[in-house]
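Participant: Okay, here's the prediction I keep looking at, along with the sequence it came from:
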Amino acid sequence: MRRSGGNRSRLLLVTLIVTSLFFITLDLRGVQVMSGLRSGAQSALAPFQRVASSAFSPVGNFFSDVAHLGRTRAKLKKLEDQNAQLRTTLIAHKGLDAQVAALKSVLDLAGTAGYKVVNAKVISQGSASSFSQTITIDAGANMHLTRDMTVICGDGLVGVVKAVFPNTSLVMLASDPSFHIGVRIAGTQQIAILSGQGTDHAVLQLLDSQSSVKIGDALVARGSEANKPFVPGVPVGTVTSVSNAAGAVSQMADVKYYAHLNSLGLVAVVIQAPATDPRDALVPKAPAPAPTVTIFVTPTPSPSPTTTK
């Protein structure tokens, strides 16, 4: 029995070896049988390959997307940083352009009048000491400023220096309720007193009962003795309304300041007045009126009546 089993095993082994040699020989000779077998095996395995691809493809895509997401976020962060930097640069350029425009404006006004000035930046705005309408500027004794000097901007009068410190000064604005200045109506010799009201408007009171003021009149600083606290010729404001109260000794009027006192960035302190009064040379020029266009309409002649015979 044992010998019979051993014979079968040897026979099976020999059969397998012979079969293998046979297929190898056929394959080396290019017989199409092997190609068919391979094609069949590939066809049989194709469904399993598709299932495996469908199963593992999302996993591969997931890890790929995670890697791409990290890179995308890094790019977005870089672009956001660049955008913020560009925005900051743009704002800085706009601020610089505004300062240059303000400086040019005040230098033009001072140059026309012949004022010698010291430019200064406004570093704070608000109430201080006993004044309710003030600004602090970045120039003081270090720039030879003293109390009671006139402060201007490109549009006209800003106020007067009330306190001087080593590197800063306190300026009382023309809008302060305790502010008073002698003014002259441009183009005339009429004088009046202008008083602040805490807003961008002031009250004007004529000193002469025979004098009169009208809407649109421009006012300039009359000037003080020794040019302190006010130098002459500085534009102050324009009359917006006139009050003719019955029994009043003199006329009263409402005046709007030329300067925008609540949004000052750059000012100038007049440290020396000109030898001669600039008079009305600094009064802003009124805008030219728009041209009037007259349109003539040519009437269309009516049709002649038709006669029916």
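Facilitator: Nice, I can see it.
Participant: Could you use CA atoms for every contact and neighbour count after this?
Facilitator: Noted.
Participant: For this structure, give me the ranges with low pLDDT.
Facilitator: The model of the chain has pLDDT under 70 over residues 1-6, 13, 16, 18-67, 69-70, 89-96, 127-131, 245-249, 286-309.
Participant: in it, which spans are helices?
Facilitator: Taking DSSP state H, the helices of the chain run over residues 2-28, 32-113.
Participant: Would you mind naming the residues that bridge with the closest residue to Leu264 other than its chain neighbours?
Facilitator: Of all residues not flanking Leu264 in the chain, Val122 sits nearest, at 6.7 Å (CA to CA, 6 or more residues apart in numbering). Beta-bridge pairing for Val122 (DSSP bridges): Ile137.
Participant: Surely Val122 touches Leu266?
Facilitator: Yes. With contact defined as CA atoms under 8 Å, Val122 counts as touching Leu266 (5.9 Å).
Participant: And these two? Which one has more around it.
Facilitator: Neighbours were counted for Val122 and for Leu266 using other CA atoms under 10 Å; Leu266 has more, 21 against 18.
Participant: where's Gly216 relative to Lys256, distance?
Facilitator: Per CA to CA, to the nearest Å, Gly216 is found 10 Å from Lys256.
Participant: likewise Asn244?
Facilitator: Distance from Asn244 to Lys256, counting by CA to CA: 18 Å.
Participant: Between these two, tell me which one has more neighbours.
Facilitator: Taking other CA under 10 Å, Asn244 and Lys256 do not tie; Lys256 has more neighbours (19 against 12).
Participant: So that one sits against Thr238, correct?
Facilitator: Yes. Counting by CA under 8 Å, Thr238 is a contact partner of Lys256 at 5.6 Å.
Participant: mind checking the end-to-end distance for stretch 214-231?
Facilitator: Criterion CA to CA; first-to-last residue distance in stretch 214-231 is 25 Å.
Participant: Buried residues in that stretch, which are they?
Facilitator: When neighbours are counted by 16 or more other CA atoms under 10 Å, the buried residues of stretch 214-231 are found to be 218-223, 227-231.
Participant: ok, now stretch 273-290?
Facilitator: Along stretch 273-290, these residues count as buried under the neighbour rule (16+ other CA under 10 Å): 273, 277-283.
Participant: same deal with stretch 204-213?
Facilitator: Going by 16+ other CA under 10 Å, stretch 204-213 has these buried residues: 204-207, 212-213.
Participant: JSON lines for these, including distance to Leu12?
Facilitator: Shown next, in JSON lines, are the buried residues of stretch 204-213 (distance: CA to CA, whole Å):
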{"residue": "Leu204", "distance to Leu12": "130"}
{"residue": "Gln205", "distance to Leu12": "133"}
{"residue": "Leu206", "distance to Leu12": "136"}
{"residue": "Leu207", "distance to Leu12": "139"}
{"residue": "Ser212", "distance to Leu12": "137"}
{"residue": "Val213", "distance to Leu12": "134"}
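Participant: Out of those, which comes closest to Thr146?
Facilitator: Leu204 (28.0 Å; CA to CA).
Participant: Surely the closest one touches Val255?
Facilitator: Yes. Using CA under 8 Å, Leu204 is in contact with Val255, at 6.6 Å.
Participant: can you give me the strands for the stretch 151-300 of the chain?
Facilitator: 156-164, 169-173, 180-185, 191-196, 201-206, 218-221, 235-243, 252-257, 266-272 (DSSP state E, counting those that start in this stretch).
Participant: and of those, who's closest to Ala110?
Facilitator: Using CA to CA, the strands of the stretch 151-300 of the chain put strand 266-272 closest to Ala110, at 8.4 Å.
Participant: Check which helices and strands that closest one sits against.
Facilitator: Packing partners of strand 266-272 (3 or more CA pairs under 8 Å, 6 or more residues apart in numbering; DSSP states H and E): helix 32-113, strand 116-125, strand 150-153.
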